[in-house]
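Peer 1: What follows is a predicted structure for the sequence shown.
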Amino acid sequence: MDQLTVLFLLFLVTLVAVPVASWVRLPYPVVITMGGLLLAVIPGVPELRLEPELLLPLLLPPLLHSAGWRTSWREFAANAKPILLLAVALVFVTTAAVAWVAHRVVPGLPVAAAVALGALVAPPDPVAASAVASTLRLPRRLVSILESEGLFNDVTAIVLYQVAVAAVVTGSFSAGEAVGKLFLSAAVACAVGVAVSLVARWGDKFLNDERLRVMASLMLPFVAYIGSDELGGSGVLAVIVNVLLLRAQGIEAPDRSGRIAGGVFWAVIELMVTGLTFGIIGIELRAVLDALGGDTADVLVEAAAVVATVIVVRGLWLFPTAVLARRRNRRAADEDDPDVEDLAPVGPRETAVLWWAGMRGVATVALVLALPLETDAGEPFPGRDRLVVIAFAVVMVTLVVQGLTLPALVKALGVRESEDAAGQAEADLRVRAAKAVLQRLREMEAAEELPDEVVDVMRLRQQAVIAQLRPEAYAEDARKALAEKHRRKREFKRVEAELTEAARAELKSARAERGNDPVIVDKLLRRIDLRGWV
């Protein structure tokens, strides 16, 4: 079995794990990780030979871009205080605590290598956070904090990681130089992220082919990451700044087919990269444990100490800061502070969920696998095998144990967004969109000579939406009339679907006949899929 076969097996594990995760109601990274472990024990599955320096630029940009596209600058700004406490302050605290513990429990581990370990296990995973949110129906503000924390803590952690690794590899360290690098890295990353978004906005005017748009969207996170990295900046921060600006600018395909293609493409990319990353865990872990031999029991004890530190430190940080935030909120309310809503903290129950949802994943795996094999002096990177096992243990415990128990915790604490609230929010937005359509229709009707039947159909469609969601806006007779028209419209759509399928079946039969150009047939089939007619 060669390397390519192993990669395809990992993708197969992902393909199977996702529906299984939906069936058992678990975040899919948990199931993929367990699948990777099962794959590792199959006889004949070889060790993956991965180049450490290629892992970060290959795995992180698409995942960060995809996760960033689900949030917005407004959500980050609204929750900036708790996010900064989690994404910056907590990362420093976790790194320091883990480094102190690791330096004491791992024999002969240099301080710089211990700091590198602390930095790579510090950031929770935004992909796992999104997967958890999608299955547990958490409140939107809590989801926003989790996702934004997962995005921005990678920036802090990776800069700390790079400084610590450089100190190990070169054998020298300067605190002043490290602080300067931190600020320089952030400044360069922001500049590159802004520049790439401006170029993307300019170039978007010239891309009138959905294939080119999708290709450009794939290239952008890599351009931002690699460009910033080459200039000495944080590639992670550059990707995040770029995607948030693109999101704010509203850059997207002008037609429905382009938006559908782009959405499906990025969903597949995220799933494949996530599956590959989590699947690697089991295979690499087996190889590292084999290399440790008789030291495995000692390493597991060391790993347990680090895992406990990671989990406990997060709780010790979150609960007191939440109490302080609530006190500040009460003072702001007493003083009629106009920013009181922005200061609103999560409550004790949400804080508990926020604590237990701090699962490690893609970033930790990618960073530990990216550790250099040797120092500049040609010596092995100190304790690399032990660090890999410890990091994987942190991922496995936080992802599997916490991931498996988090649904029960959420249910027990009752930290869920009510279906009524979610449905009401959706209904409000649908009514808002329908009213905008009616307003635009009135403007077009006044400015153009639109056919009456076109105006009637378009008006009926939106009035039916409003009547269904806001029945109080219409009199009883009007509601009944709209309901009857809406029923006829549904019947029309049912008949149209049957007729469309008949057309598709006939075209598919024609495709197999001699003399018919399959390219033309496929073009017509695609037109039917997008428009519903030939």
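Peer 2: Received, thanks.

Peer 1: My guess is residue 83 contacts residue 149. True?
Peer 2: Yes. Using Cβ atoms under 8 Å, residue 83 is in contact with residue 149, at 5.7 Å. C-beta: built from backbone N, CA, C; applies to glycine.

Peer 1: and those two? which has more neighbours close in?
Peer 2: Per other Cβ atoms under 10 Å, whichever of residue 83 and residue 149 has more neighbours is residue 149, with 27 against 23.

Peer 1: Mind checking what secondary structure residue 181 has?
Peer 2: Under the three-state scheme (DSSP: H, G, I helix; E, B strand; the rest coil), residue 181 adopts helix.

Peer 1: which non-adjacent residue is nearest it?
Peer 2: residue 163 (6.3 Å; Cβ to Cβ, 6 or more residues apart in numbering).

Peer 1: number of nearby residues for that neighbour?
Peer 2: 22.

Peer 1: where's it, which helix or strand?
Peer 2: Assigned by DSSP states H and E, residue 163 belongs to helix 140-170.

Peer 1: what's the answer for residue 486, then?
Peer 2: Using DSSP H and E, residue 486 sits in helix 476-511.

Peer 1: So which elements touch that helix?
Peer 2: Using 3 or more Cβ pairs under 8 Å, 6 or more residues apart in numbering; DSSP states H and E, the elements in contact with helix 476-511 are helix 452-469, helix 518-531.

Peer 1: Can you check what angle separates that helix from helix 452-469?
Peer 2: In terms of direction (axes from the mean of the first three to the mean of the last three Cα atoms, to 10 degrees), helix 476-511 departs from helix 452-469 by 120 degrees.

Peer 1: Give me the buried positions along stretch 446-465.
Peer 2: For stretch 446-465, a neighbour-count test (16 or more other Cβ atoms under 10 Å) marks 458, 460-465 as buried.

Peer 1: from those residues, which is closest to residue 324?
Peer 2: residue 465 (45.6 Å; Cβ to Cβ).

Peer 1: What is the neighbour count of the nearest residue to that closest one once chain neighbours are set aside?
Peer 2: Spatial nearest neighbour of residue 465, chain neighbours left out: residue 434 (4.4 Å); criterion: Cβ to Cβ, 6+ apart. For residue 434, the neighbour count with other Cβ under 10 Å is 20.

Peer 1: likewise the one 10 residues further on?
Peer 2: One way to gauge burial is a neighbour count; for residue 444, by other Cβ under 10 Å, it gives 13.

Peer 1: Just say helix, strand or coil for it.
Peer 2: helix.

Peer 1: you'd agree it is up against residue 450?
Peer 2: Yes. With contacts counted by Cβ under 8 Å, residue 444 reaches residue 450, the gap being 6.2 Å.

Peer 1: quick one: the residue nearest the centre of the chain from residue 274, how far?
Peer 2: Ranked by distance to the mean C-alpha position of the chain (Cα atoms, centre = their mean), the top residue is residue 67 at 2.8 Å. Residue 67 sits 10 Å away from residue 274, going by Cβ to Cβ, to the nearest Å.

Peer 1: so what pLDDT did the nearest residue in space to residue 380 that is not next to it in sequence get?
Peer 2: Nearest non-adjacent residue to residue 380, counting by Cβ to Cβ, 6+ apart: residue 374, 6.1 Å away. pLDDT for residue 374: 83.

Peer 1: just residue 211 next, same as before
Peer 2: According to the model, residue 211 carries a pLDDT of 80.

Peer 1: again with residue 160
Peer 2: pLDDT at residue 160 comes out at 85.

Peer 1: and it, how many neighbours?
Peer 2: Neighbour number of residue 160 under other Cβ under 10 Å is 24.

Peer 1: got it, and residue 183?
Peer 2: Neighbourhood size, residue 183 [other Cβ under 10 Å]: 10.

Peer 1: how far away is it from residue 33?
Peer 2: 36 Å.

Peer 1: what's the average pLDDT for the host helix or strand of residue 263?
Peer 2: Residue 263 is part of helix 256-292, with elements assigned from DSSP H and E. Averaged across helix 256-292, the pLDDT comes to 75.

Peer 1: From residue 527, how far off is the residue nearest to residue 30 when sequence neighbours are not counted?
Peer 2: What sits nearest to residue 30 in space, not counting adjacent residues and going by Cβ to Cβ, 6+ apart, is residue 403, at 4.1 Å. According to Cβ to Cβ, residue 403 stands 44 Å off from residue 527.

Peer 1: When those two are compared, which one has more neighbours?
Peer 2: residue 403 (26 against 13).

Peer 1: surely the more buried one meets residue 26?
Peer 2: Yes. Using Cβ under 8 Å, residue 403 is in contact with residue 26, at 6.6 Å.

Peer 1: domains for this structure, by residue range?
Peer 2: With domains defined by automatic domain parsing, the chain comprises 52-417, 422-507.

Peer 1: Can you flag the weakest of those domains by average pLDDT?
Peer 2: With a mean of 76, domain 422-507 has the lowest mean pLDDT of the domains of the chain.

Peer 1: Off-centre distance for that one?
Peer 2: Its chain's C-alpha centre and that of domain 422-507 lie 35 Å apart, by Cα atoms, centre = their mean, to the nearest Å.

Peer 1: Same check on stretch 188-204?
Peer 2: Relative to its chain's centre, stretch 188-204 lies at 21 Å (Cα atoms, centre = their mean).

Peer 1: Would you indicate which residues of that stretch are buried?
Peer 2: Residues 188-193, 195-197, 200, 204 are the ones in stretch 188-204 that count as buried (16+ other Cβ under 10 Å).
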